[in-house]
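In: Sequence and predicted model, in that order:
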Amino acid sequence: MWFFRDSRRVTRLEEDLARLERSFKALEMEWDDTYDKLRRAMGRIVKSRAIIEEKEAAEGGTNGTASPLAPSSLTPRQRLIQSQIAALRAARSQQ
């Protein structure tokens, strides 16, 4: 077997594999940390949004201000652009 004769190549391959494994584990740990941070941030956003909605419901409405996510908060120009975009999407989906 010719590939067992060169033990330096085998040793180098083993070292490269070990280095790749360490790098992958470090990347995995970094991703887990990032995912946890994003999950916590989303939890805070959802919780604060629920608190805002509860306060609005307890006050009996929005006190004349529309929710930033509501379509009625759009200006007439924004509504026009939104309807144009919807028409374009509908035309593309029919093609």
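Out: Okay, I see it. Numbering: from 1, shown residues only.

In: So for stretch 27-34, mean pLDDT?
Out: Stretch 27-34 carries an average pLDDT of 97.

In: Where is the longest helix in the chain?
Out: Longest helix of the chain, by residue count under DSSP state H: helix 7-58.

In: so what does that helix touch, helix or strand wise?
Out: Here helix 7-58 touches no other helix or strand, going by 3 or more Cβ pairs under 8 Å, 6 or more residues apart in numbering; DSSP states H and E. To be clear about C-beta, it is placed using only N, CA and C from the backbone, and glycine gets the same treatment.

In: mind listing what's buried in whichever helix or strand comes after that helix?
Out: Remark: after helix 7-58, the chain's next helix or strand is helix 76-94, criterion DSSP states H and E. Buried residues in helix 76-94, counted by 16 or more other Cβ atoms under 10 Å: none are found.

In: Also stretch 9-29?
Out: Per 16+ other Cβ under 10 Å, stretch 9-29 contains no buried residues.

In: Convert it to PDB, retaining C-alpha atoms only.
Out: C-alpha atoms of stretch 9-29 as PDB (Å, rounded to 0.1, in the frame of the first residue of the first chain):
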ATOM      1  CA  ARG A   9       1.200  13.100   4.900                       C
ATOM      2  CA  VAL A  10      -1.000  11.000   7.200                       C
ATOM      3  CA  THR A  11       0.200  13.000  10.200                       C
ATOM      4  CA  ARG A  12      -0.500  16.300   8.400                       C
ATOM      5  CA  LEU A  13      -3.900  15.100   7.300                       C
ATOM      6  CA  GLU A  14      -4.700  14.100  10.900                       C
ATOM      7  CA  GLU A  15      -3.600  17.600  12.100                       C
ATOM      8  CA  ASP A  16      -5.600  19.300   9.500                       C
ATOM      9  CA  LEU A  17      -8.700  17.300  10.500                       C
ATOM     10  CA  ALA A  18      -8.200  18.100  14.200                       C
ATOM     11  CA  ARG A  19      -7.800  21.800  13.300                       C
ATOM     12  CA  LEU A  20     -11.000  21.700  11.200                       C
ATOM     13  CA  GLU A  21     -12.900  19.900  14.000                       C
ATOM     14  CA  ARG A  22     -11.800  22.600  16.500                       C
ATOM     15  CA  SER A  23     -12.800  25.400  14.100                       C
ATOM     16  CA  PHE A  24     -16.200  23.800  13.500                       C
ATOM     17  CA  LYS A  25     -16.800  23.400  17.200                       C
ATOM     18  CA  ALA A  26     -15.900  27.000  17.800                       C
ATOM     19  CA  LEU A  27     -18.200  28.100  15.000                       C
ATOM     20  CA  GLU A  28     -21.000  25.900  16.400                       C
ATOM     21  CA  MET A  29     -20.600  27.500  19.900                       C
END
